[in-house]
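Asks: Take a look and give me a structure for this.
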Amino acid sequence: MSRENVGIVKAWELTVRKSQAAAANKRRANSIFAVMSVAHVDDEEEEDGGNAGSGEVYHAEKLLSNGDFYTGQWADNLPHGHGKYLWTDGCMYVGEWHKGKTNGKGKFCWPSGATYEGDFKNGYMDGKGTYTGPSGDTYRGSWTMNLKHGKGTKSYANGDDYEGEWHRGLQQGHGRYRWMNGNHYVGQWNNGVINGTGTMIWSNGNRYDGLWEDGLPRGNGTFRWADGSFYVGVWSKDPKEQSGTYYPSGSMAGNVDFDPQKVFAVDLNDCKVSTGEKVPVLPSQKMLDCPVVEGVFKPSKGNDGKSRRAPVDGRVCDCSWDSDGDRNGDTTPRSMVEGLESFKLDDLNTRIARTRLRASRIQPVKRQGETITKGHKNYELMLNLQLGIRHSVGRPAPATSLDLKASAFDPKEKVWTKFPPEGSKHTPPHQSCEFKWKDYCPVVFRTLRKLFKVDAADYMISICGNDALRELSSPGKSGSFFYLTNDDRYMIKTVKKAEVKVLLRMLPAYFNHFRAYENTLVTKFFGLHCVKLTGASQKKVRFVIMGNLFCSEHTIHRRFDLKGSSHGRITEKPETDIDATTTLKDLDLNFIFRLQKFWFQEFCRQVDRDCDFLEQERIMDYSLLIGLHFRDISYNKNLHVAEAHPSTAQTPRGNGDTGSGKGRFSNVEADRNFLDPTRWASIKLGVNMPARAELTVRETNCESQLIGDPTGELYDVIIYFGIIDILQDYDISKKIEHAYKSFQYDPTSISAVDPKQYSRRFRDFIFRIFVEDT
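Replies: As a prediction, the model looks like this:
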């Protein structure tokens, strides 16, 4: 090591010691993670390793332009192997690297005194590891993407400790929590709080066995005192909901007047679960922080490890070097892409470029639908619908339990209400024509809304408030019309009589499926209604109210409706007319989607459950609806379009030229935003999920190739998905359609097939386009 570098390292180490001493004195428990990006090496530093061939690993000492220092193994201008990286702010990493990212065994130290020692993967704390916080909190166990996930033990600075299962950074599953005072709990947890079946034992000998909810006894349970007396019954913090009997020690004579609220006030008062240190989840990715120069190549790494360069105009080229390590072909300014080969676009690259251009080009996003105002042909229908829903939801009804009687699901369980213009005893006056309103199985749908945690007032305001509904521009192939609420939370779809019968037939199984699996991907139905116009026409309009899968704070840039079949499954639109509201189909799909391990496992389990349910109900012709939000886009003012960019570390451009007027963020900054623990509460299976989409390309004019070949070009996305169109059973019309089309086309390529075959084909296709991100 040179004298100059020795001096720098000594000065850095002195700074670290001072920082750690100050942190220990102040016991700072504030944000201990910070985004750590590895600075790009100056051109002069690149020349130091110029005698090493491409891919050769050698020892290097690098003083970087931003003051950071690296010493260790080096290859292809990146840390690769074992090395030590020192940041000027006092952070340090010592351990294994792979192509510029922490990968393998290593130790990371923060200036606050916090340390993590264990496994890293792709720059994240991932695998087995031990984290010790600046105030003394210590966690030993499994990690996934910087989050405690799996089996682990945490010792808190206040003397408490927890041993058990973790999920996305919080206690979930079975676990044991011991307080410093000797009390302890053994049982179920959910989202970091005691929830489910469990036992609490106090140091004084008292004990509670039973159900818990949100950290308190709720439901059936028994409390036993050390003297042998006990109370058995239904527990609740609300005195109105509790009921039970107290039995004194040595006596079988019960006392129903005992008030268990003193247990909440006294015994549970000192059993608070420690929150520990606030540890923001930020990526500790160690990647090259390459400045993006307007109009030049933007680097992206593929899964095959090969470097690709994707220019602003959408073309793609591969880079190679000759045996001397020199670049072949035309020259490029050294300040931009020194060492790159001039790109050669063969047939494959041409197809990749064409596919990439179509995949990444994003037309300006317009709000969907036409607002229904006075004079619109469906204006009166909208008024009728809003009046009916306001009446149904606002009607007084007794509190409902989730355990419904079989009679509630009877298809004959419906309520007709007449709405004369002048009003009646039960209905208000209105300016529309007279109509009749029908509620199908009102108790069941009211209970479903309760199960979905929908507030009745919010539901009415969304659908029946001052804002008009919006009608989508054109009906679907089924002839149904779609309407959106102004806040985009709900979608109203007109349905046929046959679809109503299917929904009513499957309603008991549908209800039980949602009770059993809260992460189900199946469409949520909030109500089923009918409007019957009076007069000569006697027209009936039946409709169902559903949740809008794409109600999100993120703009949906691409949407796909996927069935796993190929016949007719392509969008008949010129590329210039395809925008963010266009729903693309199977043969338009040019991505595969990479989910993190625990999300991928949950996804596979839930798709199997949902497909089993639909198969048992003889349902077919359903789809997986997918929406993509590209996290890295820029706006081209000249072409009036936005463009999505592949995954790469980037800094905001100087002109801040994006669709929103803000600079583009690097992957590190984007991960900090989207993987922050405060945002994880809004992430559910199929909702607001961070993922990576890999561009694929098909053989030329090869419609039989349902899924293209991966190119290695990855896009950071937020993905939404759910199973829709679940009201088509395999009736006589579908059997005839299957027989007719089987004579003309490959029977495996058509949508109309037996539910068992449809389910098998659907799963096979879905599990090929969704893969685990390794």
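
Asks: where do the strands sit along the stretch 351-500 of the chain?
Replies: Remark: strands of the stretch 351-500 of the chain, listed N- to C-terminal, are 361-362, 370-371, 414-419, 435-440, 470-471, 482-484, 490-495; assignment by DSSP state E, counting those that start in this stretch.

Asks: What lies in contact with the host helix or strand of T222?
Replies: Using DSSP states H and E, T222 sits within strand 216-224. The contact list for strand 216-224, computed with Cβ atoms under 8 Å, 6 or more residues apart in numbering, reads 194, 206-213, 230-237, 260, 263-264, 268. No exception for glycine: its C-beta is placed from N, CA and C like everyone else's.

Asks: avg pLDDT for it?
Replies: On average, the pLDDT along strand 216-224 is 85.

Asks: Check which element follows whichever strand or helix holds H174 along the chain.
Replies: When elements are assigned from DSSP H and E, H174 belongs to strand 170-178. Downstream of strand 170-178, the first helix or strand assigned by DSSP H and E is strand 184-190.

Asks: what's the span of stretch 130-138 from first residue to last?
Replies: By Cα to Cα, to the nearest Å, the extent of stretch 130-138 from end to end equals 7 Å.

Asks: What mean pLDDT does that stretch get?
Replies: Stretch 130-138 comes out at a mean pLDDT of 87.

Asks: Could you tell me which of the contacts of strand 216-224 count as buried?
Replies: 194, 206, 208-213, 230-236, 260, 263-264, 268 (16 or more other Cβ atoms under 10 Å).

Asks: As a check, name the ranges of all helices in the stretch 151-300 of the chain.
Replies: 261-262 (DSSP state H, counting those that start in this stretch).

Asks: Next: the stretch 551-700 of the chain.
Replies: Using DSSP H, counting those that start in this stretch, helices in the stretch 551-700 of the chain cover 597-616, 667-674, 677-680.

Asks: looking at those helices, which has the lowest confidence?
Replies: Least confident of the helices of the stretch 551-700 of the chain, judged by mean pLDDT, is helix 667-674 with a mean of 46.

Asks: Pull the number of nearby residues for the nearest residue to F409 once chain neighbours are set aside.
Replies: Once flanking residues are discounted, F409 sits nearest to P508: 4.7 Å by Cβ to Cβ, 6 or more residues apart in numbering. A count of nearby residues for P508, using other Cβ atoms under 10 Å, gives 15.

Asks: Work out for me the element P508 sits within.
Replies: helix 497-516.

Asks: in that helix, what's buried?
Replies: Neighbour counts over helix 497-516 (16+ other Cβ under 10 Å) mark 499-500, 502-504, 506-507, 510-511, 513-514 as buried.

Asks: The following helix or strand past that helix to strand 490-495, inter-axis angle?
Replies: With elements assigned by DSSP H and E, the helix or strand that comes after helix 497-516 is strand 525-533. Per axes from the mean of the first three to the mean of the last three Cα atoms, to 10 degrees, the angle that strand 525-533 makes with strand 490-495 is 50 degrees.

Asks: and whatever helix or strand comes next after strand 525-533, what other elements does it pack with?
Replies: Downstream of strand 525-533, the first helix or strand assigned by DSSP H and E is strand 540-547. Judged by 3 or more Cβ pairs under 8 Å, 6 or more residues apart in numbering; DSSP states H and E, strand 540-547 is in contact with helix 379-394, strand 490-495, helix 497-516, strand 525-533.

Asks: Now render those as CSV, adding mean pLDDT and distance to P755.
Replies: Putting the helices and strands packed on strand 540-547 into CSV (pLDDT from 0 to 100; distance: least, Cβ to Cβ, whole Å) gives the following:
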stretch, mean pLDDT, distance to P755
helix 379-394, 87, 32
strand 490-495, 92, 19
helix 497-516, 93, 12
strand 525-533, 91, 20
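
Asks: Out of the ones you listed, the one nearest L727 is which?
Replies: helix 497-516 (4.1 Å; Cβ to Cβ).

Asks: That closest one packs against which elements?
Replies: Helix 497-516 packs on helix 442-451, strand 525-533, strand 540-547, helix 597-616, going by 3+ Cβ pairs under 8 Å, 6+ apart.

Asks: any chance of these in JSON lines, plus distance to W74?
Replies: Shown next, in JSON lines, are the helices and strands packed on helix 497-516 (distance: least, Cβ to Cβ, whole Å):
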{"stretch": "helix 442-451", "distance to W74": "57"}
{"stretch": "strand 525-533", "distance to W74": "59"}
{"stretch": "strand 540-547", "distance to W74": "52"}
{"stretch": "helix 597-616", "distance to W74": "30"}
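
Asks: avg pLDDT for the longest strand along the chain?
Replies: Taking DSSP state E as the criterion, the chain has its longest strand at strand 709-724. The pLDDT scores in strand 709-724 average 90.

Asks: can you check stretch 468-475 too?
Replies: Rounded mean pLDDT across stretch 468-475 is 75.

Asks: Per-residue pLDDT of the residue lying closest to T102 once chain neighbours are set aside, please?
Replies: Nearest non-adjacent residue to T102, counting by Cβ to Cβ, 6+ apart: F120, 4.1 Å away. Looking at F120, its pLDDT stands at 89.

Asks: do the one 4 residues further on as well
Replies: pLDDT for Y124: 83.

Asks: Around it, how many other residues sit close by?
Replies: With other Cβ under 10 Å as criterion, Y124 counts 24.

Asks: how much space between S229 and L211?
Replies: Applying Cβ to Cβ, to the nearest Å, the value for S229 to L211 is 21 Å.

Asks: Next step: the buried ones among the contacts of strand 216-224 restricted to strands.
Replies: Those of the buried ones among the contacts of strand 216-224 lying in strands (DSSP E): 194, 208-213, 230-235.

Asks: Mind listing the residues bridging to the closest residue to Y720 other than its chain neighbours?
Replies: Once flanking residues are discounted, Y720 sits nearest to G627: 4.1 Å by Cβ to Cβ, 6+ apart. Bridge pairing for G627 (DSSP bridges) gives the partners R559, Y720.

Asks: repeat for E96
Replies: H82.

Asks: pretty sure it is touching K105, no?
Replies: Yes - in this structure E96 lies within contact range of K105 using Cβ atoms under 8 Å: 5.6 Å.

Asks: Now the common contact residues for those two.
Replies: Contacts common to E96 and K105, judged by Cβ under 8 Å, 6+ apart, are F120.

Asks: Look up which residues are beta-bridged to the residue nearest to T102.
Replies: The partner residues for F120, given DSSP bridges, come to G104, M125.

Asks: wouldn't G233 be in contact with E241 here?
Replies: No - with contact defined as Cβ under 8 Å, G233 does not count as touching E241 (10.8 Å).

Asks: Appreciated, that's everything.
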